[in-house]
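Enquirer: sequence first, then the predicted structure:
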Amino acid sequence: MTTLPEKTQRKMGLVIDLDTCVGCHACVVSCKGWNTENYGAPLSDQDPYGGDPSGTFLNRVHSYEVKPLAESAAAQLIHFPKSCLHCEDAPCVTVCPTGASYKRVEDGIVLVNESNCIGCGLCAWACPYGAREMDAAEGVMKKCTLCVDRIYNENLPEEDRVPACVRTCPAGARHFGDLGDPESDVSKLVEERGGMDLMPEQGTKPVNKYLPPRPKDQVMAASEAEIDILAPLLAPVAEEPKGFIGWLDKALEKI
Amino acid sequence: MLDQPKVDTSPKVSDEVRKTTCYMCACRCGINVHMKDGKVAYIEGNRDHPVNKGVLCAKGSAGIMQHNAPSRLRAPMKRVGPRGSGEFEEISWDEALEIAAGWLEPIRQEDPSKLAFFTGRDQSQSFTSFWAQNFGTPNYAAHGGFCSVNMAAAGIYTMGGAFWEFGQPDWDHTKLFMIFGVAEDHDSNPIKIGIGKIKARGAKVIGVNPIRSGYNAVADEWVGITPGTDGLFILALVHELLKAGKIDLTYLAQFTNAPVLVNSDPDSPEYGLLMRDKDGKLLVIDRKTGKPAPFDKKGVKPDLSATYRQAGITHRPVMHLLAERYMSEEFSPENVSGRCGISARRIKAIASELARVAFEEEIVLNHEWTDFRGEKHKTMVGRPVSFHSMRGISAHSNGFQTCRSLHLLQILLGSVEAPGGFRFKPPYPKPVSIHPTPHCKVTPGKPLDGPHLGFVRGPEDLALKEDGSPARIDKAYTWENPMSAHGLMHMVISNAYAGDPYKIDTLFMYMANMSWNSSMNTSGVIDMLTDKDESGEYVIPRIIYSDAYSSEMVAYADLILPDTTYLERHDCISLLDRPICEADGAADAIRWPVVEPDRDVKGFQTALILLANKMGLPGFTNEDGTAKYKDYADYIVNHERKPGIGPLAGWRTGEKGVSHGRGAPNEAQLQSYIDNGGFFVKHIPENCAYMKPWNMGYQDWAVELGLYDTPQPYIFDLYVETMRKFQLAAEGHGERQPPDHLRERIKKMLDPLPIWYPPFEDDAVDLEEYPVHALTQRPMAMYHSWGTQNAWLRQIHGRNPLYLPTKIWEANGFEEGDWATVTSVHGEITVPVAHMAALNENTVWTWNAIGKRKGAWALDNDAPEATKGFLLNHLIHELLPPKGDGLRWSNSDPITGQAAWFDLRVKIKKAQAPAEAQPAFDPIKSPVGHGPDQLTWKVGK
């Protein structure tokens, strides 16, 4: 019911490195802090000191265990931060009955104009990623703004004009830039590391990309497969302490 | 485009940014506190700060919720109900200080050791220890004994520094990083930044941890080791490297005591001691002359191989003993594999990976430097293999020797202080020889005879009374744990209750949740704190406690001195204490009141000064009887530990204006820190930045800054002679003799070369009955008990199931939502469980300190932390199971006394889901009420 722009001038978004994310939730809380104090209504918390605390967060980290097919391979744990992916074909926008949800022409950011939001929640149903949260205190839909009030903010030093989650990420697992520009650092990173869309089959064409974890436990795999790729490095100079001391003496001569 | 709403993309961010130091965990990052209308609006990392360089973790960003937590104490309180009830009356500071001084001053005049003063997660130990020293009690320490003293002490005794505050991997050059179990806050953001750098350039991380979460989840290689066997695994790596000759001989010969000669005659009273010349210099054989020479003589080429016979006694270099020990089959991968839960092939593969990176990928920096023998080096050769570790390996009863084993491995590879390896942070490197020894001589009405904590050099430094009984309440520096460099906080309440070694009058604690998550045997400790003697008096007569928040411990004190939040206080993170330096520079920092408290509270250190002034403590009092310091800020600026050296190194007063390091006090010092973003840093010149223990350029730089009085070059102690001295005593040599029941243990455990032995609990319990290891971890987004009152963080970590590996999960037929009874020889808990596959198959674990007592932290009584949350502490005792000899054997490392939290063995059985996690405790009355029902936080409108 709300139309998407045919094309945006830029495709600003995040590249999240799943090989590096340690699951520390720094991005989650930095986002909560900035967006509580800034754009729109504060991100409220219900029963914050009680039996069932529940608040609005625009960014959450989930953890998944992955068990490789090989019987001997160890299970892995992947930390997966998730927020709005600022899709090119954003179903949350087209479903909006009031035009409150929209995609910006200049940078592709998907935003909610809170003064037009009636809190019907259709957009949250339409989003296949579960990236929108209704604020229980304000009755409006909240979502990642890509820190639209930071990235152009002339009251911030230039180096701080990035989303709060990117600025704070201790491991440097979050990157921000124009994914519509093949020459941008983020586009190159996606190219180099095989960046992926989340659930491409949904046809939403997400702007945000995820860098997949690198292969794990290669030394273990090699040792289990009895491949002696490194064996020459451990060729013994001696089996016994006495022989070792003899070797030592000769080795010292050469220094 | 026309339809698009206009968004203000340049809103005003804040009225003002105030820069101070975080205290949401122990990491001490720099923060920018954005203020609006005089209130805290937003907190972010300080980009210029040496620790976090702009980033900030979840805890740090949630500081606004901590600062405004409903659990903040409001005023001093005296207990009016029975201990543990939580019934208090708010009183004035005058009355509170009057009560405290009324208890303490008579003790001071009569017997200062009747005060036990222990300060938990204190970041002002150089100050609190100074206070305790001037009070005169020997009973002072902070929380190191139940935290990571094994790591700190093993590092200092072996190489003059340890991990975290003492040093860090060379993140910019390392090519292989191996991380063993780490408590998240040791150290939080720098490790994440470092791993990020490693990942960005495609270098490798090996994680050694029974649990594959956090750093281990991103590790390229995960070694899911059996808890308590890290030392054995490391020594198997050493075995392989020695056999293959993949060790750095040049480094070992020049910079370690591997070539130093050892008395090798079992009949000599000096058997095992190092050979010295008349001037006390360690002797090596010089390869040029074949004769003994002082190790540091100009031009000497120490020989790792030659032996020396003098007066009928053969002396062998340490290297011989080392080869004999570790080439033994005892440490072969095949022999250790089963115990460690790692295949022999994999151990070999990891050893060869270490060897490959260290020796095939060496890096060379073109920095000229001169070593302490006067030899000039054109380059610095780096072995780009680095390591980090903390509590995971140190919180075991074999932790000290395991930490030593890790340092042995680092040093054999030649990677300590070499580019790409491990680098010290000033004021480290610092040899044992310039650390103090412990002091414990009590004189009524007078200060203690010196600093409490230090590094013993031999039995002569033990803290024993003339009759040989322990001088300290925690029995630190006794034959039970001779090298207990941080004290044993976990034994204080238990010993005071038992009157072993003696009774005390007043227990005074700060930031230590001893009636809950900071004690082993929580229920037992609660009983000790509340038990009365025949006369109806509490067995521990008086308890004073300081905390900013309504923690579980508050209810068990008689007098509460309410602390401020971290944004309301002065603090100094001092070079005299636990500084925030980086490997490239010396740094210190302050906290300052970016907002004034809106409650009747005072920073704890200021309260201590007021108390000192009331008692007229020496050190705090001028000759005319007036007070030297009015508050902590005054002390920070004006105290001098020795002439020209004070708590803060930056912006002192030199002969020609402002000076750094040395200089007289400067009244404008704190303002200079504030203007500089809350910290001071002085960078190390490039050619001094590595090889620091031996690099005369660094040594001179450190003297100039006041870190040393004179240059202090030294060699690493692969062989720790101090330990041999304790063994010699146990063998019957010397005047100070251990009690007979400890002789065998000392002979075995205080081996001067690293050994491995099973954790004590393995020997004390039936392993067939208790086959499972149980551990805790700190979440990255929560710091021990402080986090739960934080409205944002408790939504991330409000629950802590016990995670079970697939083998245990399936064997017991567990399903989602199930509960289990977990039993150790000490106790039993019934708790929710969850399945985790990426876990050592014999290990279970949970998040640390999520479980809460009802009524604490201003949480509602039905908070999940209080109904489903739980502590493993109930399963861990401060004593080992009785051995039938009537003695109390502490559940601690026998060398340092570190609490052996991670030795725990349990059994697990499926249970009917109870209404609440068991054991359940009655609610305590909250002295601050409960928090609001909703938060819509926004200070700027």
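Expert: Everything's here; your move.
Enquirer: hang on, B:Pro227 packs against B:Arg905?
Expert: No. Between B:Pro227 and B:Arg905 there is no contact under Cβ atoms under 8 Å: 9.6 Å. Every residue, glycine included, has its C-beta placed from N, CA and C.
Enquirer: residues that sit against both of these two, list them.
Expert: When contacts are counted by Cβ atoms under 8 Å, 6 or more residues apart in numbering or on different chains, B:Pro227 and B:Arg905 have B:His773 as shared neighbours.
Enquirer: list the contacts of the nearest residue to B:Gly827 once chain neighbours are set aside.
Expert: Closest residue in space to B:Gly827, ignoring its immediate chain neighbours: B:His874 at 4.7 Å, by Cβ to Cβ, 6 or more residues apart in numbering or on different chains. Contacts for B:His874 (Cβ under 8 Å, 6+ apart) come out as B:521-523, B:826-829, B:919.
Enquirer: which of the residues you listed are buried?
Expert: Neighbour counting by 16 or more other Cβ atoms under 10 Å in any protein chain shown classes B:521-522, B:826-829 among the contacts of B:His874 as buried.
Enquirer: still on that earlier bit, in a markdown table: the contacts of B:His874, plus pLDDT.
Expert: As requested, the contacts of B:His874 are exported to a markdown table (pLDDT from 0 to 100):
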| residue | pLDDT |
| --- | --- |
| B:Asn521 | 95 |
| B:Thr522 | 97 |
| B:Ser523 | 96 |
| B:His826 | 95 |
| B:Gly827 | 96 |
| B:Glu828 | 98 |
| B:Ile829 | 98 |
| B:Pro919 | 97 |
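Enquirer: what is the nearest of these to A:Asp160?
Expert: Closest approach to A:Asp160 among the contacts of B:His874 (Cβ to Cβ): B:Thr522, at 44.8 Å.
Enquirer: need the three-state assignment for the nearest residue to B:Gly931 once chain neighbours are set aside.
Expert: Excluding its sequence neighbours, the residue lying closest to B:Gly931 (Cβ to Cβ, 6+ apart) is A:Tyr49, at 3.0 Å. What DSSP: H, G, I helix; E, B strand; the rest coil gives for A:Tyr49 is coil.
Enquirer: and A:Tyr49, how many residues sit next to it?
Expert: 24 (other Cβ atoms under 10 Å in any protein chain shown).
Enquirer: that one: what's it in contact with?
Expert: By Cβ under 8 Å, 6+ apart, the contact list for A:Tyr49 reads B:70, B:789, B:791, B:858-860, B:863, B:930-932.
Enquirer: cool, and B:Met696?
Expert: B:Met696 neighbours (Cβ under 8 Å, 6+ apart): B:369-372, B:711, B:713.
Enquirer: on that earlier part again, possible to save the buried ones among the contacts of B:His874 as CSV with secondary structure?
Expert: As requested, those are exported to CSV (three-state DSSP):
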residue, secondary structure
B:Asn521, coil
B:Thr522, helix
B:His826, coil
B:Gly827, coil
B:Glu828, strand
B:Ile829, strand
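Enquirer: in CSV, list those residues along with distance to B:Leu282.
Expert: As requested, the buried ones among the contacts of B:His874 are exported to CSV (distance: Cβ to Cβ, whole Å):
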residue, distance to B:Leu282
B:Asn521, 45
B:Thr522, 48
B:His826, 46
B:Gly827, 49
B:Glu828, 54
B:Ile829, 52
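Enquirer: of those residues, closest to chain A?
Expert: Nearest to chain A among the buried ones among the contacts of B:His874: B:Ile829, at 20.9 Å, using Cβ to the nearest Cβ.
Enquirer: and the gap between that closest one and B:Glu552?
Expert: Counting by Cβ to Cβ, to the nearest Å, the separation of B:Ile829 from B:Glu552 is 17 Å.
Enquirer: what is the burial count for B:Leu266?
Expert: One correction, residue B:266 is Pro, not Leu. Per other Cβ under 10 Å, the neighbour tally for B:Pro266 reads 8.
Enquirer: same question, the one 10 residues further on
Expert: By the criterion of other Cβ under 10 Å, B:Arg276 has 14 neighbours.
Enquirer: same question, B:Arg599
Expert: Neighbour count for B:Arg599, taken as other Cβ under 10 Å: 15.
Enquirer: buried ones in stretch B:734-741, by neighbour count?
Expert: Neighbour-count burial for stretch B:734-741, counted by 16+ other Cβ under 10 Å, picks out B:Pro738.
Enquirer: need the three-state assignment for A:Leu146.
Expert: Put simply, A:Leu146 is coil when judged by three-state DSSP.
Enquirer: my read: it touches A:His86, true?
Expert: Yes. Taking contacts as Cβ under 8 Å, A:Leu146 lies within contact range of A:His86: 6.4 Å.
Enquirer: list the residues that contact both of the two?
Expert: A:12-13, A:109.
Enquirer: so which residue of chain B comes closest to chain A?
Expert: Using Cβ to the nearest Cβ, B:Gly931 is the residue of chain B that sits closest to chain A, at 3.0 Å.
Enquirer: got phi/psi on that residue?
Expert: Note on B:Gly931: backbone dihedrals following degrees, to the nearest 10 are phi -70, psi 170.
Enquirer: with B:Val381 instead?
Expert: The phi/psi pair for B:Val381 (degrees, to the nearest 10) is phi -90, psi 130.
Enquirer: dump the shared contacts of A:Leu146 and A:His86 to JSON lines, plus secondary structure, distance to B:Leu413 and neighbour count.
Expert: Output for the shared contacts of A:Leu146 and A:His86, formatted as JSON lines (DSSP: H, G, I helix; E, B strand; the rest coil; distance: Cβ to Cβ, whole Å; neighbours: other Cβ atoms under 10 Å in any protein chain shown):
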{"residue": "A:Met12", "secondary structure": "strand", "distance to B:Leu413": "46", "neighbour count": "25"}
{"residue": "A:Gly13", "secondary structure": "strand", "distance to B:Leu413": "43", "neighbour count": "26"}
{"residue": "A:Ile109", "secondary structure": "coil", "distance to B:Leu413": "50", "neighbour count": "24"}
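Enquirer: which stretches of chain A form strands?
Expert: Secondary structure of chain A (DSSP state E): strands at A:12-17, A:45-46, A:54-55, A:59-66, A:76-83, A:101-103, A:110-112, A:133-134, A:141-142, A:174-178, A:209-211.
Enquirer: SS state for the residue nearest to B:Ser343 when sequence neighbours are not counted?
Expert: Residue nearest to B:Ser343 in three dimensions, not counting chain neighbours: B:Ser337, with 5.9 Å by Cβ to Cβ, 6+ apart. For B:Ser337, the assignment made with three-state DSSP gives helix.
Enquirer: in this structure B:Ser337 contacts B:Phe331, no?
Expert: No. Counting by Cβ under 8 Å, B:Ser337 does not reach B:Phe331; the two are 11.3 Å apart.
Enquirer: so what does the residue in chain A that chain B sits nearest to look like in phi/psi?
Expert: The minimum distance from chain A to chain B, using Cβ to the nearest Cβ, falls at A:Tyr49 (3.0 Å). For A:Tyr49, the backbone dihedrals (degrees, to the nearest 10) come out as phi -120, psi 20.
Enquirer: return the distance of it relative to B:Glu865.
Expert: According to Cβ to Cβ, A:Tyr49 stands 10 Å off from B:Glu865.
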